[in-house]
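# Curious how this folds, go ahead:
(one chain, ligands or ions: 1)
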Amino acid sequence: MMNHQIKTFEEYKTAYQESVENPEGFWADIAESFTWRKKWDKVLEWNFEEPNIKWFQGGKLNITENCLDRHLKTRGNKLALIWEPNDPKERFVRYTYKELHEKVCQFANVLKNNGAKKGDRICIYMPMIPELAIAVLACARIGAIHSVVFAGFSASAMADRINDAQCSMVLTSDGLNRGAKQIPVKRVVDEALATCDSVQKVIVVERLGWAVNMVEGRDVWYHDEVQQVGKDCPAEEMDAEDMLFILYTSGSTGKPKGVVHTCGGYMVYAQYTFRNVFQYEESDIYWCTADIGWVTGHTYLLYGPLLSGATTVMFEGVPNYPDMGRFWQIVDKFGVSIFYTAPTAIRSLMGGDIDDVLSYSLDSLKVLGSVGEPINEEAWHWYHIHVGKERCPLVDTWWQTETGGIMISTLAGITPMKPSHAGLPLPGVQPILVDNEGNEIKENGVEGYLCMKFPWPGMIRTTYGDPERCRLSYFSTYKGLYFSGDGAKRDENGLYRIIGRVDDVINVSGHRFGTAEIEEAINHNEHVIESAVVGYPHDVKGQGIYAFVICKDVPENQEMLRAEIIETVVEKIGKIARPDKIQIVSGLPKTRSGKIMRRILRKVAEGDTSNLGDTSTLLDPAVVDEIKEGAL
Ligand code: PRX
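Below you'll find the model as predicted:
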């Protein structure tokens, strides 16, 4: 197994068995291939009760030395990053490993010059421009903890995340391009910072050349700062278990939580999974369409590929601008061989003219990937036939912000592939299905709640500033297990098929939102008394957001009211969390103890009111008829 890359199904089986029988030996062997300043003293210490998870304790390293420095000798002139702008007429940007190394060192020096140091939390709120990738690595270089906030989130959502992590710095840009639109990013930062006392400095990268408000003493332009620094920046020595980053994600209760990943384990896991799932080879051109604001962008646009010495493509724009062939044009332009995207993008492109795909050659493609939500069979086949020409293995990769990297997936061309199935677990991953009582269901051909019974190096360590929340969210539902929040099936051959969330989390276009979070936002609207939000099947987004809202005074023009409610959600969270349907109701189906019966609301939202089950325990059963009649 060269480079710990599995090449046959037999090798997979051997590796899997070894990873279960001797997990420490298995992962230590993989970890050996990285650059450590000092080797670890202990491979693994763990319990899932507190939880306490430590990998490669005592090991010293810097992840950027592994992403950049160690490649300089052998791959210095190889392309590390290809950046394609939103507008196809604008020139693309390419950096070799040598150039990227230099850019990262410069940015790191700018951070240091502006007071950043090891352990500081730095919020990055930037569009998909090369400086975003560089900024993330620059933080890691100096040991500052990056907290990337997707640039589609609102000022209020950003402020919550900055305050939770007490960030001392924000890295941003003047504005961003998105299809035909240009959006003022710095203005959103200014609005957020009105309520964030911890931030001392804001570094602004110029993208649009807009005149923006610069606060004296706080805000500086990157292009001015970079003039004042050198191109050398030695990497900070980090402990394997020092924090590398925080990434906020939604759960079923409360505000988004800051998922914490650490340096050593995450590094080992990101590279191992990248190489094996996509069967990466040195000459590949790899493109992951995810935004770096999400975990997929962290692990599989940035860290996984760079750790492997790969050429990674980064795209500023959207799939449908200037036309529906944009993705395929980029594939042909750069000769992309591995392409990783989300089902929602596939479903939206399926709606277009088939010639938008067929007019491109797509000859360079070897492997296709899918991530973020269940991929329905129709989308799977369309992707496999029209994009992959039935010759590219299609890997459906299941994982989560909390898992750090891919957990269950076909290894391209190596392990069994079945439409709409993620497949077998990766070596080192020990999934189990449990029933309502938490008992393991051992047979095949079953369905249950998806849990993990053993740690893996890329897993969540804690939730920032609130370890108890981590325990409650993932380790308390079933004793001694990590609970994913997903339901899954396991077929006769042991292949997993992910059904989706079983908690109050909605997956909209592959992005997670808690129903409670959206309800809280809706309730901020002055007309609203109470609301309940559920997900429903949506042709393109996977799940849509359906809100049932009780209002104080319902005006004649309900459309205006709906528009106002939507505006409130956009303000509190961002456009991505906009409800698709809002039904104004006079009451909600509640039990006598005041609990909303979401099961009924979900049925109504799905348009299936034939069998609502037992409604006799409701406080006011009549409210159900009204809701049924008014369904949208
Ligand atoms: O429900 C699962 C779904 O996305 C959730 C994780 O969301 P997030 O942390 O935002 O990470 C998304 C990218 C890794 C999971 O709990 N999910 C992710 N991948 C798949 C999936 N559902 C089905 N199939 C997948 N391949």
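
# what does the average pLDDT come to for stretch 337-353?
Predicted confidence along stretch 337-353 averages 95 (mean pLDDT).

# got the CA positions of it in PDB?
Coordinates of the C-alpha atoms in stretch 337-353 are reproduced here as PDB (Å, rounded to 0.1, in the frame of the first residue of the first chain):
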ATOM      1  CA  SER A 337      -9.900  14.900 -13.200                       C
ATOM      2  CA  ILE A 338     -11.600  14.700  -9.800                       C
ATOM      3  CA  PHE A 339     -14.800  16.700  -9.300                       C
ATOM      4  CA  TYR A 340     -16.600  16.900  -5.900                       C
ATOM      5  CA  THR A 341     -19.900  18.700  -5.500                       C
ATOM      6  CA  ALA A 342     -23.300  18.700  -3.800                       C
ATOM      7  CA  PRO A 343     -26.500  17.000  -4.900                       C
ATOM      8  CA  THR A 344     -28.300  20.400  -4.800                       C
ATOM      9  CA  ALA A 345     -26.000  21.700  -7.500                       C
ATOM     10  CA  ILE A 346     -26.600  18.600  -9.600                       C
ATOM     11  CA  ARG A 347     -30.400  18.900  -9.200                       C
ATOM     12  CA  SER A 348     -30.400  22.500 -10.200                       C
ATOM     13  CA  LEU A 349     -28.300  21.800 -13.300                       C
ATOM     14  CA  MET A 350     -30.600  18.800 -14.200                       C
ATOM     15  CA  GLY A 351     -33.300  21.400 -14.700                       C
ATOM     16  CA  GLY A 352     -31.400  23.100 -17.500                       C
ATOM     17  CA  ASP A 353     -30.900  22.100 -21.100                       C
END
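
# can you tell if it touches the ligand?
No. Applying Cβ under 6 Å from any ligand atom, one finds that stretch 337-353 is not in contact with the ligand, the shortest distance being 8.0 Å. (Each C-beta comes from the backbone N, C-alpha and C, glycine too.)

# In the stretch 451-600 of the chain, which residue sits nearest the ligand?
Distances from the stretch 451-600 of the chain to the ligand, computed as Cβ to the nearest ligand atom, single out Ile498 as the nearest residue at 3.6 Å.

# So what sits opposite that residue in the bridge?
Going by DSSP bridges, Ile498 is paired in beta bridges with Ala488.

# Tell me the confidence at it?
Per-residue confidence for Ile498 comes out at a pLDDT of 97.

# Please read off the pLDDT at Met243 from the model.
Looking at Met243, the pLDDT reads 98.

# List the contacts of it.
Residues in contact with Met243, defined by Cβ atoms under 8 Å, 6 or more residues apart in numbering, are 145, 260-263, 461.

# out of the residues you listed, who's nearest the ligand?
Nearest to the ligand, judged by Cβ to the nearest ligand atom, of these is His261 at 12.2 Å.

# which residues touch Ser359?
When contacts are counted by Cβ under 8 Å, 6+ apart, Ser359 is found next to 325, 328.

# What separation do you get for it and the ligand?
Remark: distance between Ser359 and the ligand (Cβ to the nearest ligand atom, to the nearest Å) = 29 Å.

# circling back to that earlier point, which one of the contacts of Met243 has the most neighbours?
His261 (29 neighbours; other Cβ atoms under 10 Å).

# measure that residue to Asp242 for me?
Relative to Asp242, His261 is positioned 11 Å away (Cβ to Cβ, to the nearest Å).

# Could you dump the contacts of Met243 into CSV with pLDDT, secondary structure and distance to Glu520 added?
What follows is the contacts of Met243, written out as CSV (pLDDT from 0 to 100; DSSP: H, G, I helix; E, B strand; the rest coil; distance: Cβ to Cβ, whole Å):
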residue, pLDDT, secondary structure, distance to Glu520
Ile145, 98, strand, 27
Val260, 98, strand, 24
His261, 98, strand, 27
Thr262, 98, strand, 31
Cys263, 98, helix, 34
Arg461, 98, coil, 27
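
# low-scoring stretches of the stretch 401-550 of the chain, by residue?
Counting by pLDDT under 70, the stretch 401-550 of the chain shows no low-confidence range.

# which residues in it form helices?
Along the stretch 401-550 of the chain, the segments classed as helices by DSSP state H, counting those that start in this stretch run 467-470, 515-523.

# Just the residues contacting the shortest one, thanks.
Spelled out, that is helix 467-470. Here helix 467-470 has contacts from 50-51, 254, 257, 460, 462-463, using Cβ under 8 Å, 6+ apart.

# Sort out which residues of it are buried, please.
By neighbour count on 16 or more other Cβ atoms under 10 Å, the buried set for helix 467-470 is 469-470.

# Select only the buried ones of the contacts of helix 467-470 in PyMOL?
Buried residues within those, by 16+ other Cβ under 10 Å, are selected in PyMOL with:
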select buried, resi 51+257+460+462+463
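
# Go through the contacts of helix 467-470 and say which is closest to Glu102.
When the contacts of helix 467-470 are ranked by distance to Glu102 (Cβ to Cβ), Ile460 comes first, at 33.1 Å.

# Help me confirm that that closest one comes into contact with Lys257.
No. Between Ile460 and Lys257 no contact is recorded; they are 9.6 Å apart, counting by Cβ atoms under 8 Å.

# The protein - how does it break down into domains?
Under the assignment named as automatic domain parsing, the residue ranges that make up the domains of the chain are 65-236, 508-630.

# worst average pLDDT in those?
Mean pLDDT is lowest for domain 508-630 out of these, coming in at a mean of 92.

# Next, the distance between the ends of that one.
Distances were taken as Cα to Cα, to the nearest Å; on that basis the terminal residues of domain 508-630 are 24 Å apart.

# Centre of the chain to it, how far?
Averaged C-alpha coordinates place domain 508-630 at 26 Å from its chain's average position (Cα atoms, centre = their mean, to the nearest Å).

# does any part of it sit near the ligand?
Yes. Using Cβ under 6 Å from any ligand atom, a contact is recorded between domain 508-630 and the ligand, made by Arg512.

# And for stretch 273-282?
No. Contact between stretch 273-282 and the ligand is absent, the nearest approach being 11.2 Å (criterion: Cβ under 6 Å from any ligand atom).

# Could you pick out the residues of this protein near the ligand for me?
Within reach of the ligand by Cβ under 6 Å from any ligand atom, the chain has these residues: 249, 295-296, 371-374, 396-401, 422, 484-486, 498, 500-501, 507, 512.

# Just the ones of the residues you listed in strands?
When DSSP state E is applied, the residues of the chain next to the ligand are split such that 249, 371, 396-397, 484-486, 498, 500-501, 507, 512 fall in strands.
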